[in-house]
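Student: Kindly return the folded structure for what I paste below:
(chains A, B, C and D)
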2 protein chains.
Amino acid sequence: MWKSSRPLYKQVANRIREDIVSNGTEGGEAIPTEAKLAQMYDVSRVTVRRAVKLLAEEGLVYSVHGSGTYVSEKKIEHDIYKLQGFTEEMSGLHNNPSNEILEFQLTSPDDAVRDYLKLRDDQKVYYVKRLRIADGQPLILEESYLPYDLFPDLSVNVMKESKYEYIEQKGYMINRRHADLRPILPSGELMELLHLEESAPMLCLEAYSTLSDGTPFEYSTVYYHPVKYTFKFVSEK
Amino acid sequence: MWKSSRPLYKQVANRIREDIVSNGTEGGEAIPTEAKLAQMYDVSRVTVRRAVKLLAEEGLVYSVHGSGTYVSEKKIEHDIYKLQGFTEEMSGLHNNPSNEILEFQLTSPDDAVRDYLKLRDDQKVYYVKRLRIADGQPLILEESYLPYDLFPDLSVNVMKESKYEYIEQKGYMINRRHADLRPILPSGELMELLHLEESAPMLCLEAYSTLSDGTPFEYSTVYYHPVKYTFKFVSEK
DNA sequence: TTACAATACAACTTTAATACAAATTTTAAA
DNA sequence: TTTAAAATTTGTATTAAAGTTGTATTGTAA
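Tutor: I've put the predicted structure just below:
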């Protein structure tokens, strides 16, 4: 039944792969348990495990201890840390980046922000307004609101560096970022800060981010330089 | 030929999601209580809670302690990571979608289009200009170029229905879409077609799509109604 | 020696069942 | 109208059983 020319676990891996495709198993769906696979292909569970491990290393499936083995979702590799770095890279302008902190204050949030961050009335937030600069040119204006209770030791120096790096160093697990992208016409202040000559339409991103337990930890509005930034992205089915 | 299924709580989440859509539950309306959902789907309340938590993380619903779980207010959102056609998107929102074909002709592409679609000089393309309408309101203007060689039997009727459905019915596998999103001010023609009163900035998407073998099969420019359409990212870590 | 099989057990997840706490909404009483 | 109690609903915790993956050990055949 089994050729001995190739390692058995590789043959099994190939059969599992074929079956996943031919059955049209969708992303997120579970494949049979290791015990069942062993029975189906008439091999030992050890061999099945080696085969599954191969497929997992390929990225086709992933195993969850105690739960099962699932077919991977075909997702865009989107690094939440680098949404801004992503666009900078696209424009080829990631030279000598820096952050200029325009405002940094502890304040009471307005209702909209309080709502997004799910805060009680007495909770305060940091309001940070910073200009992101590359090659001496202002490219991005960012306004962020961060709950004081989550980041009691937030400082200007932190915001000059990587915000997300700081958050993860504190042991928080970043989970999702919900963002809305919309076109706007720049205000006078915005034109001044980004050194805009003409009032060309530009992109504005409104986002709130959550930790793995669902707690919102940031609400931010980001304004992108109209000429130097277009959003490029690749979506896969 | 195996039974493969998602975890129970994911199935429940999907059923709840479907029921919200099929029942036409409006934003702000409550969904059944966890106890009722558990009874309806014949699962435990724990499972229902996990499912609801999933939907809450997605942003579809939100729960209020002691009160209930409610459907989030929703604009028409365009999830750009889901490579989804307009028809499918709208049918998910039960908005009675339709397409009005403004132009349909076989022509020789200009150099830019020929370059994107990797065509020889003698190859021709369909040029289709269509207005996409939901609930009687024009929402999207799309200009597409499709190679004649790939779709020799393309017709106006096809373009009145779902383009991507047609492509997949022909046995092609859609793979990627490379897109570039940028803000513009609408032209006079655009304002007229989309029934815009004021010259508000709007979004324009330029994209080319490829099949799984890498063949480009479409180049298109899409203009989105500025008020009714927002672009939504959900990035996960 | 190496690859595979067989077995046993550990660690973890899922689901269920139950009880109670906390917040909101409804109802009833004053 | 105001206040207080009751009912409803979501949030949290615990326990338990069954199922699945992870790990280790030993045996077997080429």
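Student: Helix or strand with the lowest mean pLDDT in chain A?
Tutor: Sorting the helices and strands of chain A by mean pLDDT, DSSP states H and E puts helix A:83-91 at the bottom, at a mean of 42.
Student: Kindly report the residues of chain A close to DNA strand C.
Tutor: Within reach of DNA strand C by CB under 7 Å from any atom of the strand, chain A has these residues: A:7-9, A:43-47, A:50, A:64-67. Every C-beta, even on glycine, is put in place using the N, C-alpha and C of the backbone.
Student: What about these, which are in strands?
Tutor: Counting by DSSP state E, the residues of chain A next to DNA strand C place A:Val64 in strands.
Student: Make a ChimeraX selection of the buried ones in the residues of chain A next to DNA strand C.
Tutor: The following ChimeraX line selects those of the residues of chain A next to DNA strand C that are buried, judged by 16 or more other CB atoms under 10 Å in any protein chain shown:
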select /A:8,9,43,47,50
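Student: So which of the residues of chain A next to DNA strand C is the closest to chain B?
Tutor: Taking CB to the nearest CB as the measure, chain B lies nearest A:Ser67 of the residues of chain A next to DNA strand C, at 7.2 Å.
Student: so that closest one touches B:Arg6, yeah?
Tutor: No: in this structure, A:Ser67 is not within contact of B:Arg6 by CB atoms under 8 Å, at 11.3 Å.
Student: Helix, strand, or coil at A:Val158?
Tutor: helix (DSSP: H, G, I helix; E, B strand; the rest coil).
Student: Distance-wise, check it relative to A:Ser144.
Tutor: From A:Val158 over to A:Ser144 the distance is 12 Å, taken as CB to CB, to the nearest Å.
Student: Of these two, which one has the most company?
Tutor: Remark: of A:Val158 and A:Ser144, A:Ser144 carries more neighbours, 19 against 16, as counted by other CB atoms under 10 Å in any protein chain shown.
Student: Tell me which residues touch the more buried one, please.
Tutor: A:Tyr126, A:Tyr127, A:Val128, A:Lys129, A:Arg130, A:Lys163, A:Glu218, A:Tyr219, A:Ser220 (CB atoms under 8 Å, 6 or more residues apart in numbering or on different chains).
Student: one more time with 7 Å
Tutor: A:Val128, A:Glu218, A:Ser220 (CB atoms under 7 Å, 6 or more residues apart in numbering or on different chains).
Student: give the contact list for A:Thr69.
Tutor: If you count contacts by CB under 7 Å, 6+ apart, A:Thr69 has them with A:Ala30, A:Ile31, A:Val52, A:Val61, A:Ser63.
Student: 10 Å instead, please
Tutor: Contact analysis of A:Thr69 by CB atoms under 10 Å, 6 or more residues apart in numbering or on different chains lists A:16, A:30-34, A:37, A:48-49, A:52, A:55-56, A:61-63.
Student: and A:Glu206, bridged to which residues?
Tutor: Taking DSSP bridges as the rule, A:Glu206 bridges to A:Asp180, A:Thr221.
Student: Sort out which residues of the strand or helix carrying A:Leu37 are buried, please.
Tutor: Per DSSP states H and E, A:Leu37 falls inside helix A:34-41. Within helix A:34-41, the residues that count as buried by 16+ other CB under 10 Å are A:Glu34, A:Leu37, A:Ala38, A:Met40, A:Tyr41.
Student: ok, so of these, who is nearest A:Ile174?
Tutor: A:Glu34 (32.1 Å; CB to CB).
Student: so what pLDDT did the closest one get?
Tutor: On the pLDDT scale, A:Glu34 is placed at 95.
Student: surely it meets A:Val12?
Tutor: No: using CB atoms under 10 Å, A:Glu34 makes no contact with A:Val12, being 11.0 Å away.
Student: Not counting sequence-adjacent ones, nearest residue to A:Leu150?
Tutor: Nearest non-adjacent residue to A:Leu150, counting by CB to CB, 6 or more residues apart in numbering or on different chains: A:Phe217, 5.5 Å away.
Student: Give the other helices and strands that the host helix or strand of that neighbour contacts.
Tutor: Assigned by DSSP H and E, A:Phe217 belongs to strand A:216-224. Secondary-structure packing of strand A:216-224 (3 or more CB pairs under 10 Å, 6 or more residues apart in numbering or on different chains; DSSP states H and E): helix A:83-91, helix A:111-117, strand A:125-134, strand A:137-147, helix A:163-169, strand A:174-184, strand A:202-211.
Student: one more time with 7 Å, if that's ok
Tutor: Secondary-structure packing of strand A:216-224 (3 or more CB pairs under 7 Å, 6 or more residues apart in numbering or on different chains; DSSP states H and E): helix A:111-117, strand A:137-147, strand A:202-211.
Student: and those, which one's lowest on average pLDDT?
Tutor: Averaging pLDDT over each of the helices and strands packed on strand A:216-224 puts helix A:111-117 lowest, since it has a mean of 84.
Student: right, is it up against chain B?
Tutor: No: Helix A:111-117 lies apart from chain B when judged by CB under 7 Å from any CB of the partner chain; the minimum separation is 10.2 Å.
Student: Please point out which parts of that helix sit buried.
Tutor: A:Val113, A:Arg114, A:Tyr116, A:Leu117.
Student: Show me which pair in the residues you listed is furthest apart.
Tutor: Pairwise distances across the buried residues of helix A:111-117 (CB to CB) peak at 7.5 Å, for the pair A:Arg114 and A:Tyr116.
Student: buried subset of the contacts of A:Ser144?
Tutor: A:Val128, A:Glu218, A:Ser220.
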